[in-house]
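Novice: Test case, fold it:
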Amino acid sequence: MRLSIYTIVGLALPLAVTASPLTKRKEVQCTIVSNDGWVKCRDSPRLDASYDYRYADGYKGDFRCYKVGDCYKGNCTWDYNGYCYVNGYYTSSNCNTKNLPKC
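Specialist: Numbers count the residues shown, from 1 in each chain. Next comes the predicted model:
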């Protein structure tokens, strides 16, 4: 069976579009949950990483993905919002490894 270039491109194009890094990922809205006051949003998923942002208890924001990093009170996932990482200990249960893809 002989395939034309148009058939090959026609079959491959949908795969290329879905695998494209330019495809926007689903974002999940999560709430910051803290009894400790302000929560630091760090440059990397480490407890000693620098931070430029802090969020108050009750803040709602969109998160894109998660990474595994330093553990805090048994939680080793860090939720990423496009700017910085918040330890999963401080995000609502909507931010979890089933709802967010790995970064």
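Novice: only C-alpha atoms for contact and neighbour calcs from this point on.
Specialist: Will do.
Novice: So for stretch 43-52, first residue to last residue, what's the gap.
Specialist: 8 Å (Cα to Cα, to the nearest Å).
Novice: ditto for stretch 52-64
Specialist: End-to-end span of stretch 52-64 (Cα to Cα): 18 Å.
Novice: Please compute how far that stretch lies from its chain's middle.
Specialist: On the basis of Cα atoms, centre = their mean, to the nearest Å, stretch 52-64 sits 13 Å off its chain's mean C-alpha point.
Novice: which residues in the chain form strands?
Specialist: 28-31, 39-42, 51-55, 60-63, 65-72, 75-80, 85-87 (DSSP state E).
Novice: Which one of those lies nearest to N99?
Specialist: With Cα to Cα, the closest approach to N99 among the strands of the chain belongs to strand 28-31: 7.2 Å.
Novice: Off-centre distance for stretch 88-98?
Specialist: 10 Å.
Novice: What are the buried residues along that stretch?
Specialist: G88, Y89, Y90, T91, S92, C95, N96 (16 or more other Cα atoms under 10 Å).
Novice: Mean neighbour count added to the strands of the chain, as JSON lines?
Specialist: Putting those into JSON lines (neighbours: other Cα atoms under 10 Å) gives the following:
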{"stretch": "strand 28-31", "mean neighbour count": "18"}
{"stretch": "strand 39-42", "mean neighbour count": "21"}
{"stretch": "strand 51-55", "mean neighbour count": "14"}
{"stretch": "strand 60-63", "mean neighbour count": "18"}
{"stretch": "strand 65-72", "mean neighbour count": "18"}
{"stretch": "strand 75-80", "mean neighbour count": "24"}
{"stretch": "strand 85-87", "mean neighbour count": "27"}
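Novice: got the contact list for the spatially most central residue of the chain?
Specialist: The C-alpha lying nearest the average C-alpha coordinate of the chain belongs to C65 (Cα atoms, centre = their mean; 1.4 Å). Each residue near C65 by Cα atoms under 8 Å, 6 or more residues apart in numbering is listed here: E27, D79, Y80, N81, L100, P101, K102, C103.
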